[in-house]
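**Student:** Predicted coordinates and the sequence they were generated for:
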Number of protein chains: 2
Amino acid sequence: MTANAHLLILHPRSLNIFKPSTTTINTFLLLHSSSLVSKTLKTCSLSSLSSNLTHNYFSNITQIPISPYHLRRGRRNHFSSVSSILNENGDGGRPGTISNPSLPPPIVEKIDVNPPKGTRDFPPEEMRFRTWLFNNFREVSRLFGFEEVDYPVLESEALYIRKAGEEIKDQLYGFEDRGNRRVALRPELTPSLARVVIQKGKSVALPIKWFAIGQCWRYERMTRGRRREHYQWNMDIIGVPEITAEAELISSIVTFFKRLGITSSDVGFKVSSRKLLQEVLQRYSVPEDLFSKVCVIIDKMEKIPMDEIKRELKLVGVSEDAIEQLLQVLTIKSLSELEEILGPSGDAVSDLKSLFLLADKFGYSDWIQFDASIVRGLAYYTGIVFEGFDRERKLRAICGGGRYDRLLSTFGGDDLPACGFGFGDAVIVELLKEKGLLPELSPQVENIVCSLDPELQGAASQVATILREKGQSVDLVLESKSLKWVFKRAARINAGRLILVGNSEWQKGMVVVKILDTGEQFDVKVDQLE
Amino acid sequence: MTANAHLLILHPRSLNIFKPSTTTINTFLLLHSSSLVSKTLKTCSLSSLSSNLTHNYFSNITQIPISPYHLRRGRRNHFSSVSSILNENGDGGRPGTISNPSLPPPIVEKIDVNPPKGTRDFPPEEMRFRTWLFNNFREVSRLFGFEEVDYPVLESEALYIRKAGEEIKDQLYGFEDRGNRRVALRPELTPSLARVVIQKGKSVALPIKWFAIGQCWRYERMTRGRRREHYQWNMDIIGVPEITAEAELISSIVTFFKRLGITSSDVGFKVSSRKLLQEVLQRYSVPEDLFSKVCVIIDKMEKIPMDEIKRELKLVGVSEDAIEQLLQVLTIKSLSELEEILGPSGDAVSDLKSLFLLADKFGYSDWIQFDASIVRGLAYYTGIVFEGFDRERKLRAICGGGRYDRLLSTFGGDDLPACGFGFGDAVIVELLKEKGLLPELSPQVENIVCSLDPELQGAASQVATILREKGQSVDLVLESKSLKWVFKRAARINAGRLILVGNSEWQKGMVVVKILDTGEQFDVKVDQLE
């Protein structure tokens, strides 16, 4: 530290507000917003420095060793020569002396032009796809008579605190707001739904059939190309204890798949019931309050080794006998085998039988299969659980859901029978790619309107207004451009017609209309434009 | 503290993970998530406690004095009796002894069912309105040939750091994420747009015409019923230096107003140019880099006293002469008067003249007026600025925008001519209410399908599927309900037809169709349902 002094530099635009608080500071750091940061963030603690600084908004930090000469110079000049030091040392952190002591012009560092790690921008080509996907979510929800709702993307963190050790809770994107409230970017939509249902109380008639399309956040290590945000389509039915509700929900997802060209040979649904586990646990007198913990552990079966699963189950207090029976039941893939083991009288078997009967009536029998190993990772499910999977088993679960009849009481409300599903916008894209079903979505505009003379720009505006008032979309050329440029743009934005406002036609109250597909061209009276 | 020991209780669902870290703890606090908290939050510091606790997620805190008896009891029982203590002491913090030593059943405290302060839920009735409003935003944007885009709601905080002292920067909803990055919920959309435009570089053809509808956040004190989030419709044109761009943008807002039934006697646009201030500042040799600071100060003229404005201008280094001239120019309401003062050769006058000429061609002259006092509060505007206002002057600005030709270089990119506007979802609602133009939006579903016999639930599912495959929306009754209940629900969801699946008709492959408006009723073959 003494031999190799370090340099503390603020973001170039903050230089003039930085003043060392004492004369003994001999370590300086560079705070800026470039990509250098990731390499050097670990070499110092931001918080240990922040008390020395008056400026709140440094986001990035790096550390550069410099000679005492630099340091003296820097302080004498109130750091106005910082950028020259940076130019010399910024890349490799190489100590050195200044060869040219004249002050260079201030450098505005380029901001990081990428969206924050794990998030996405939606430029037009991405947005067209998102809109197409969401429109399909909405259209299916409409066909099923569901009403759209939404909740704040920022919720009280208390809403997500559950004891079961779910992945979703551990990945909470939480922080303390300026009013010292613990808040979190929502990791899922169901807790918000439960909150609103409790809030509405008896003022809302049952059953509730709501859907939502909302962005959800999880802070996880960025492995396997997973993002920190995704959009999720949820459909929920509150107030229906019958299995018809689950059957209806799966029917809506099947309808969605069919609309996109996905068939039952591409995807299927694995279905089970948590009551199945519950019945096993009851036989071994495992306390009821361990139930959701056990489910969350079992859900990890495909991700962690079986010995670890057993260890965790033992740790929460499940006996070895119960563990063995549990793991055996989970391998069952046929309903009749399950009935042999559990007997015909239990709810698990009868619920599943009802669902398969209804699936037949709805017409999606070939999409669903019983699989006892499905438990889903959320703590609150209580009955039927299901997940959509690709039959080639290349992808993670496409969607998942189930019954959660006791969620409301965990928030202090009165329980209501409830079930729902979540369907993310990530895996479906992979599937559509795999199957060659990703749609080609090009921009579309009905007209491009252009004046042939700068003097006629106002006339072109008039023509655009007339067309727009008739519901026609118009890309109005706002600058004086060559016809070549206009044709190029017309092709790029996929315009249907080119409308040219030229002097001789305009004097007759007319414009030239060119159908771009066919090349047809004719003069049209302005008031007859349609 | 010693005479009146205090009780530390975690949220009921966290009790079993709480273990006092030392045996000397004699102060206990109640952490929970109820509304009690606001009263008592100040009595202790959360951070001073957190090091004693293993659990990260307490959001709320209260303090209850209890007798040593409680304390001993509570610790002996691993706090399983905490809820009984809470029942006795929770309301007034009254110390006392337990009259009934038997353990009551655990009480789950009701969560706060409201969305976080300053945010909104969108239950169906609110969501219908939001969808209607957004659809109008989208339809107008389509008419003008703009493409939709979006950006992450969470951005790097660096994007919003500007030195001009804007309100928007001071209200940043920023925090440090788990990776020690400073991030912020976006307060506006334009910086993200600029970031993406720099990122795309030459790969995107100019001009860019993009629109976005995004939620924006600001952390401000909750006065005047202002919220901490709102949705904002933005339209931006990048790459057009001509005033036609501003004219086009204002035309799109006028089109939007007209669609909603709002006329030029309800609202208008005040228009000015920042070049006007620039020309005055240049005359007095005020340095260029003070320009945006001066604009931000002047924008506050309607909110803070004139003496304060003058003081602030002086403070940043504007001479008294320049201040006087500046304030005089700002009172001008006619373009010809402006021309007299500034001369006809400046850009300010010629830009404004061009805009008024174009407004005439577009057909919205009666909507706009020159008003030199309009500067807008964002630092980055450089030319024409405008804002929409209600002529009764009851409301805040409805929307606002302008030219920002030098924003990109502040992020280290190459500048491009640019202009745009933001249009929030708050003030427009007030205006529509004022004018009686808020639409009545009821739920709508084409069919309600119901079986008259539990045995026919599957048949009803079949009928629903047939109708849905034909694009008809269906609310399927999922439970056995009385006909009275079904008619009530049909009325509430505003169903068009009631389709009854009864035994005798079903045996003939038919259902009963009842048109709910007219009461007409007839039997229809299932395969002929449309």
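**Tutor:** Now that the structure is in, tell me what you want to look at.
**Student:** Which secondary structure state does residue A:463 sit in?
**Tutor:** At residue A:463 the chain is in helix, as set by DSSP: H, G, I helix; E, B strand; the rest coil.
**Student:** how about the closest residue in space to it that isn't next to it in sequence, what does it touch?
**Tutor:** Spatial nearest neighbour of residue A:463, excluding adjacent residues (CB to CB, 6 or more residues apart in numbering or on different chains): residue A:449 at 5.4 Å. For the C-beta atoms, the positions are set from N, CA and C on the backbone; glycine is no exception. Neighbour list for residue A:449: A:460, A:463, A:464, A:467, A:474, A:475, A:476, A:477, A:499, A:501 [criterion: CB atoms under 8 Å, 6 or more residues apart in numbering or on different chains].
**Student:** neighbour-wise, which of those leads?
**Tutor:** residue A:464 (29 neighbours; other CB atoms under 10 Å in any protein chain shown).
**Student:** what about that residue, distance to chain B?
**Tutor:** 8 Å (CB to the nearest CB, to the nearest Å).
**Student:** Okay, helices next: where are they in the stretch 351-500 of chain A?
**Tutor:** A:407-410, A:427-434, A:457-469, A:483-492 (DSSP state H, counting those that start in this stretch).
**Student:** Mind putting these into CSV with mean pLDDT?
**Tutor:** Listed next are the helices of the stretch 351-500 of chain A as CSV, based on pLDDT from 0 to 100:
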stretch, mean pLDDT
helix A:407-410, 95
helix A:427-434, 96
helix A:457-469, 97
helix A:483-492, 96
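**Student:** okay, the ones you listed, which one's buried deepest?
**Tutor:** Of all the helices of the stretch 351-500 of chain A, helix A:457-469 carries the top mean neighbour count, a mean of 22, counting by mean count of other CB atoms under 10 Å in any protein chain shown.
**Student:** on contacts alone, who are the packing partners of that one?
**Tutor:** strand A:445-451, strand A:474-476, strand A:495-501, helix B:244-259, helix B:347-362 (3 or more CB pairs under 8 Å, 6 or more residues apart in numbering or on different chains; DSSP states H and E).
**Student:** between the ones you listed, which one is nearest to residue A:200?
**Tutor:** Closest of those to residue A:200 is helix B:244-259, at 32.0 Å (criterion: CB to CB).
**Student:** Would you mark the buried spots in that closest one?
**Tutor:** Buried positions in helix B:244-259, judged by neighbour count with 16 or more other CB atoms under 10 Å in any protein chain shown: B:244-257.
**Student:** how far out from the middle of the chain is it?
**Tutor:** Distance of helix B:244-259 from the chain centroid (CA atoms, centre = their mean, to the nearest Å) equals 23 Å.
**Student:** For it, output the C-alpha coordinates as PDB.
**Tutor:** Provided in PDB are the C-alpha atoms of helix B:244-259 (Å, rounded to 0.1, in the frame of the first residue of the first chain):
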ATOM      1  CA  THR B 244     -41.400  17.100 -39.100                       C
ATOM      2  CA  ALA B 245     -40.500  14.500 -36.400                       C
ATOM      3  CA  GLU B 246     -41.800  16.700 -33.500                       C
ATOM      4  CA  ALA B 247     -44.900  17.500 -35.700                       C
ATOM      5  CA  GLU B 248     -45.500  13.800 -36.300                       C
ATOM      6  CA  LEU B 249     -45.200  13.000 -32.600                       C
ATOM      7  CA  ILE B 250     -47.700  15.700 -31.600                       C
ATOM      8  CA  SER B 251     -50.000  14.500 -34.400                       C
ATOM      9  CA  SER B 252     -50.000  11.000 -32.800                       C
ATOM     10  CA  ILE B 253     -51.000  12.300 -29.400                       C
ATOM     11  CA  VAL B 254     -53.800  14.400 -31.000                       C
ATOM     12  CA  THR B 255     -55.000  11.200 -32.800                       C
ATOM     13  CA  PHE B 256     -55.000   9.400 -29.500                       C
ATOM     14  CA  PHE B 257     -57.000  12.200 -27.800                       C
ATOM     15  CA  LYS B 258     -59.500  12.200 -30.600                       C
ATOM     16  CA  ARG B 259     -60.000   8.400 -30.400                       C
END
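**Student:** after it comes which helix or strand?
**Tutor:** strand B:267-273 (DSSP states H and E).
**Student:** So for the very next helix or strand once past that following strand, what gets flagged as buried?
**Tutor:** Beyond strand B:267-273 on the C-terminal side, the first helix or strand identified by DSSP H and E is helix B:274-283. Buried residues in helix B:274-283, counted by 16+ other CB under 10 Å: B:274, B:275, B:276, B:277, B:278, B:279, B:280, B:281.
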